[in-house]
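Colleague: got a sequence here, can you model it:
(one chain, ligands or ions: 1)
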Amino acid sequence: MSHQSVESAADGISPWLTSFMGLSSVFAAIGMVSHSNLGSGVKLFVLGSLVETGRRLCQWLIVRFRIQYAVTAHFSEGDSAYEWMVLLVTQEEQTQDNAWRRSRDFTVTATNSRRKWAVQTWVDPNVKGHAEYVPTYEHPQLFRWRGYWVEIRRRAEPGSMRYSGSGVYQELQAMTVTMYTLDMNALSGLVEDARARYVEVNRPNVIIHLADASNFGPSLIWNIVKHKVRRPLSSIILEPGVVDTLVHDAQDFLASEDWYVEAGIPHRRGYLLHGPPGTGKTSTIYALAGALNLEIYSLSLASSFVDDAFLQRAASSIPKNALFLIEDIDCAFASREDDDEGDMRARPGNAGINAGDAARSGRPLVSLSGLLNVIDGVGSEEGKLFFATTNYIDRLDPALLRPGRIDHKVAYELSTVRQAHALFLRFFPSSRFPAFADVKDIKADIPADAPDSVLSSEKSEEAERRSESDKSKSSQSPQEFDGTAPTPPTHPPASAPAGTLSALAVAFAAAIPPGEFSTAELQCYLQAHKTAPAGAVAGACAWVAKMRTERHARGTGGGTR
Ligand SMILES: Nc1ncnc2c1ncn2[C@@H]1O[C@H](COP(=O)(O)OP(=O)(O)OP(=O)(O)O)[C@@H](O)[C@H]1O
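Modeller: The predicted structure is shown next:
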């Protein structure tokens with residue numbers, strides 16, 4: 001509960017009591033003035049005074065009662081605990097007949113997240129809603145939770161605003177939860193229950209927090225929350241062992257906090273995934289976070305609002321056991337050529353650059369020392385997995401890459417024969433294409449640890465020859481490209497029945513020159529043929545030729561770099 005303070009408190013009186021106070025005073029005053037009969041006026045005055053005294057007594061008693069018998073906690077929008085509580089309240093209000101359903105005043109917005117402070121049962125339950133109905137009033141609401149009375153109140157957080165798109169800023173919300181109990185543990189029970197529900201509801205998702213500087217407020221760095229459907233690790237197609245090694249390493253790190261403490265080693269671990277665009281770096285991180293139940297806090301150093309101070313604040317507000325991701329970490333710094341031109345910004349020890357100059361030149365505002373400080377300096381937080389991605393590892397300063405900062409590097413490559421083969425089978429599973437299924441699906445699932453020879457033995461001589469010639473073409477520079485297309489696969493491999501998915505997968509892999517296209521590019525091609533596996537194979541060579549011609553025209557080499 002980082003942003004909510006807990007206190008025994010009496011924060012105000014019930015609204016009806018306030019109204020009543022006003023009325024009783026007015027009532028007494030009118031009596032004094034308007035009645036010519038002084039005796040009646042005195043009586044009314046005495047009556048009014050009694051009412052007022054009674055009101056104050058009630059107020060005092062409520063205050064005393066709250067101090068004695070209530071525990072109050074405050075939650076601020078922008079903090080994860082606020083999200084947990086929103087979900088709990090929403091679920092409770094759906095199961096209990098409480099006052100939220102009686103609200104007649106809502107802010108209605110198109111559904112843009114899975115989080116709802118909404119009254120779904122208030123609308124016709126048979127109608128699938130596409131909007132969120134957020135009660136606008138701020139009166140306290142009561143509900144029962146495990147036998148405790150819990151009062152919830154929402155209010156706008158003064159002085160903090162959130163950018164909600166289309167040029168609109170909204171005041172941030174804060175929530176006050178009061179539990180009528182003497183038991184302090186009840187509050188932590190409530191918060192833990194809220195968290196458990198949040199984890200459960202989001203089990204099919206990976207939660208990604210994005211930093212945003214268009215918000216301003218004390219806790220407003222990671223205010224944009226996205227939910228992505230969790231991706232199985234098995235859907236990441238890399239060379240055998242790469243994903244497993246990464247997962248085991250991260251699991252081991254998370255499970256050995258005590259060991260780190262005893263050994264006097266800071267409990268943090270840094271990973272760098274590097275390689276051409278579209279080879280699966282980000283996908284691996286998302287799948288890994290899903291498998292390990294970690295929330296991702298993702299930041300791009302290229303964002304115009306990210307400077308050393310912002311980076312420091314952002315890193316220090318990430319909770320423990322989360323995954324801190326910096327994408328395209330090379331974007332933080334000027335290239336070496338820029339350095340040569342006199343930019344000393346990216347050198348260790350440089351505390352930063354002139355922010356105004358940098359902003360004017362449209363260049364990033366983060367210094368290397370600022371970044372190093374966040375990764376392993378005094379500003380670094382422990383208990384976190386730090387991930388960085390880059391397309392250009394050679395542009396990174398060696399200081400950034402040293403162990404302790406980056407402990408584990410994974411190189412991503414343009415698609416190999418094996419990856420093209422596996423991708424094809426992922427796109428065309430025999431369950432969806434029974435007409436193409438093998439009698440016995442022997443080769444549809446080549447074991448991950450099988451040597452490449454298993455796959456290559458499946459290739460026809462023709463495919464083998466073509467693959468070799470394509471390989472040599474792929475190493476040509478774009479200028480050397482002669483414009484010829486690879487030869488299309490003419491017959492299926494000997495050991496797989498012709499026309500089966502196994503045979504088609506091998507033929508497809510043979511048609512794709514290894515090390516020339518990213519998995520993303522192959523994925524894009526296969527998507528266009530997602531209902532026609534044989535068509536995908538038949539068109540593969542023409543596609544390769546087209547891509548080469550396009551690259552030649554653009555003057556770029558392999559991949560999408
Ligand atoms: N190795 C892979 N396995 C499975 N899917 C992949 C792989 N590589 C790329 N893809 C697919 O390609 C798309 C882009 O992948 P991703 O964003 O992970 O690449 P990246 O290496 O992070 O690229 P960039 O460097 O541009 O950020 C995703 O839809 C992903 O599903």
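
Colleague: residues from the stretch 301-450 of the chain in reach of the ligand?
Modeller: Residues of the stretch 301-450 of the chain lying close to the ligand (C-beta under 6 Å from any ligand atom) are 389, 391, 412. Heads up, the C-betas are built off the backbone N, CA and C, glycines and all.

Colleague: so the last one touches G280, yeah?
Modeller: Looking back up the chat, that one is Y412. Yes. Y412 is within contact range of G280, at 6.1 Å (criterion: C-beta atoms under 8 Å).

Colleague: show me what the longest helix seen in the chain packs onto, helices and strands only.
Modeller: Secondary structure of the chain read by DSSP state H shows that its longest helix is helix 38-69. Of the remaining helices and strands, those touching helix 38-69 by 3 or more C-beta pairs under 8 Å, 6 or more residues apart in numbering; DSSP states H and E are helix 15-34.

Colleague: so where does R154 fall, helix or strand?
Modeller: When secondary structure is defined by DSSP states H and E, R154 falls within strand 148-163.

Colleague: do L425 as well
Modeller: Under the criterion DSSP H and E, the helix or strand holding L425 is helix 417-427.

Colleague: buried sites along that helix?
Modeller: Of the residues in helix 417-427, those buried under the neighbour-count criterion (16 or more other C-beta atoms under 10 Å) are 417-425, 427.

Colleague: which elements pack onto it?
Modeller: With contacts defined as 3+ C-beta pairs under 8 Å, 6+ apart, helix 417-427 has these neighbours: helix 452-456, helix 501-511, helix 519-527, helix 533-554.

Colleague: which one of those is the most hemmed in?
Modeller: Among the helices and strands packed on helix 417-427, judged by mean count of other C-beta atoms under 10 Å, the one packed with the most neighbours on average is helix 501-511 (a mean of 28).

Colleague: then it to PDB, C-alphas only?
Modeller: The C-alpha atoms that make up helix 501-511 are tabulated as PDB, following Å, rounded to 0.1, in the frame of the first residue of the first chain:
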ATOM      1  CA  LEU A 501       1.000 -30.200 -43.400                       C
ATOM      2  CA  SER A 502       4.300 -31.800 -42.500                       C
ATOM      3  CA  ALA A 503       5.300 -31.800 -46.200                       C
ATOM      4  CA  LEU A 504       4.100 -28.300 -46.700                       C
ATOM      5  CA  ALA A 505       5.900 -27.000 -43.700                       C
ATOM      6  CA  VAL A 506       9.200 -28.500 -44.900                       C
ATOM      7  CA  ALA A 507       8.600 -27.100 -48.400                       C
ATOM      8  CA  PHE A 508       7.800 -23.700 -47.000                       C
ATOM      9  CA  ALA A 509      10.900 -23.700 -44.800                       C
ATOM     10  CA  ALA A 510      13.000 -24.600 -47.800                       C
ATOM     11  CA  ALA A 511      11.600 -21.800 -49.900                       C
END
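
Colleague: tally of neighbours for the residue of the chain found nearest the ligand?
Modeller: Shortest the chain-to-the ligand distance, computed as C-beta to the nearest ligand atom: residue-wise this is G280, at 2.8 Å. Other residues within reach of G280, judged by other C-beta atoms under 10 Å, total 25.

Colleague: list the contacts of it.
Modeller: Under the criterion of C-beta atoms under 8 Å, 6 or more residues apart in numbering, the contact partners of G280 comprise 236-238, 412, 519-520.

Colleague: and the two most separated of the residues you listed?
Modeller: Longest distance between any two of those is 13.3 Å, between L238 and A520; criterion C-beta to C-beta.

Colleague: adjacent strands (with direction) for whichever helix or strand T178 is part of?
Modeller: Per DSSP H and E: T178 is located in strand 169-180. Looking at strand 169-180 with DSSP bridges, its paired strands and their directions are strand 70-76 (antiparallel), strand 148-163 (antiparallel).

Colleague: what angle sits between the shortest one and helix 38-69?
Modeller: In this structure, strand 70-76 runs at an angle of 80 degrees to helix 38-69, with axes from the mean of the first three to the mean of the last three C-alpha atoms, to 10 degrees as the basis.

Colleague: now for the helix or strand just after strand 70-76, which elements pack on it?
Modeller: Of the helices and strands lying after strand 70-76 in sequence (DSSP H and E), the nearest is helix 80-95. The helices and strands touching helix 80-95, judged by 3+ C-beta pairs under 8 Å, 6+ apart, are strand 70-76, strand 141-145, strand 169-180, helix 184-201.

Colleague: could you dump the ones you listed into CSV with mean pLDDT, mean neighbour count and distance to the ligand added?
Modeller: Below are those laid out as CSV (pLDDT from 0 to 100; neighbours: other C-beta atoms under 10 Å; distance: least, C-beta to the nearest ligand atom, whole Å):
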stretch, mean pLDDT, mean neighbour count, distance to the ligand
strand 70-76, 87, 22, 32
strand 141-145, 82, 16, 41
strand 169-180, 80, 19, 31
helix 184-201, 89, 16, 25
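
Colleague: using CSV, lay out those together with distance to L254.
Modeller: Putting the helices and strands packed on helix 80-95 into CSV (distance: least, C-beta to C-beta, whole Å) gives the following:
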stretch, distance to L254
strand 70-76, 27
strand 141-145, 31
strand 169-180, 30
helix 184-201, 15
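
Colleague: quick one: low-confidence ranges for this structure?
Modeller: For the chain, applying pLDDT under 70 flags the ranges 1-38, 64-68, 93-139, 158-171, 213-220, 223, 332-364, 377-381, 438-498, 556-561.

Colleague: would you list the strands paired with strand 169-180 in JSON lines and tack on distance to M179?
Modeller: Converted to JSON lines, the strands paired with strand 169-180 look like this (distance: least, C-beta to C-beta, whole Å):
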{"stretch": "strand 70-76", "distance to M179": "5"}
{"stretch": "strand 148-163", "distance to M179": "5"}
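
Colleague: wait, which of the ones you listed is closest to D249?
Modeller: Among these, the nearest to D249 by C-beta to C-beta is strand 70-76 (35.1 Å).

Colleague: for that closest one, C-alpha coordinates in PDB please.
Modeller: Written as PDB, here are the backbone C-alpha positions of strand 70-76 (Å, rounded to 0.1, in the frame of the first residue of the first chain):
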ATOM      1  CA  ALA A  70     -13.200   2.600  12.400                       C
ATOM      2  CA  VAL A  71     -10.100   2.100  10.300                       C
ATOM      3  CA  THR A  72      -9.700   4.300   7.300                       C
ATOM      4  CA  ALA A  73      -7.400   3.900   4.300                       C
ATOM      5  CA  HIS A  74      -6.900   6.200   1.300                       C
ATOM      6  CA  PHE A  75      -6.100   5.000  -2.200                       C
ATOM      7  CA  SER A  76      -5.000   7.200  -5.100                       C
END
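
Colleague: doesn't V225 make contact with E83?
Modeller: Yes. When contacts are counted by C-beta under 8 Å, E83 is listed as touching V225 (7.1 Å).
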